[in-house]
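Q: Here is the input, now give the coordinates:
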Amino acid sequence: WIVVTDPEKRQAIAGLYARSFARYRASGDRTYADPTRQAVQQRVSSSADYLAEHMGDVPVLVIGAIFTGAEEFEPGSQAGLWGSLLPAAWSLQLALRARGLGSAWTTLHLTYEREIAELLGIPPTVRQGVLLPVAYTVGTDFSPAHRAPLDDVLHIDGW
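A: Residues are numbered from 1 along each chain as shown. Purely as a prediction, here's the structure:
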């Protein structure tokens, strides 16, 4: 885990994140024919825009990383590596939430993983997997997100 509180380092990461986000945002149309799905997408897009604009204002950035033992991944090893890191990051998010802190899962910084590694002194045998901006939440009116019907996402014995 790399916890970044230094304002200059946070701003540098935020600048790289904003560059990556701008490319992502310009990469395609994210509209849906279903009005409910479109409304959800608009809220998600608005939230993502806000994060990209304010990443540098977030008081703490947490980068989940994992030691790979080599600069490149061995074929077939990625699932085992990420299968260790990603549940840990999710558990951290749940622990943060239980303490009144919010976070957002993002990986857009990985476009500039090498630059961020250089900024933070992360060795080449350690790979970043997730960036979690962490701050106290505004409000407490959280509710479950809309979920697609199970029959739309679950396939049994084949696609």
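Q: Tell me which stretches of the protein form helices.
A: Listed in chain order, the helices of the chain (DSSP state H) span 7-25, 35-54, 78-98, 113-120, 150-153.
Q: weakest of the ones you listed in terms of mean pLDDT?
A: Here these differ in mean pLDDT, and the lowest is helix 35-54 at a mean of 80.
Q: for it, the distance to its chain's centre please.
A: 15 Å (CA atoms, centre = their mean, to the nearest Å).
Q: Please identify the buried residues of that helix?
A: 48, 51-52 (16 or more other CB atoms under 10 Å). For glycine as for every other residue, the C-beta is placed from the backbone atoms N, C-alpha and C.
Q: Would you mind saying which of the helices of the chain lies nearest residue 104?
A: Minimum separation from residue 104 across these (CB to CB) falls at helix 35-54, 6.0 Å.
Q: ok so, going back, now distance to residue 132 too, for the helices of the chain, in a markdown table please.
A: Formatted as a markdown table, the helices of the chain follow (distance: least, CB to CB, whole Å):
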| stretch | distance to residue 132 |
| --- | --- |
| helix 7-25 | 12 |
| helix 35-54 | 11 |
| helix 78-98 | 7 |
| helix 113-120 | 14 |
| helix 150-153 | 25 |
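Q: ok, the residue lying closest to residue 109 once chain neighbours are set aside - how many residues close by?
A: Among residues not flanking residue 109 along the chain, residue 131 sits closest, at 4.6 Å (CB to CB, 6 or more residues apart in numbering). Residue 131 has 24 neighbours, counted by other CB atoms under 10 Å.
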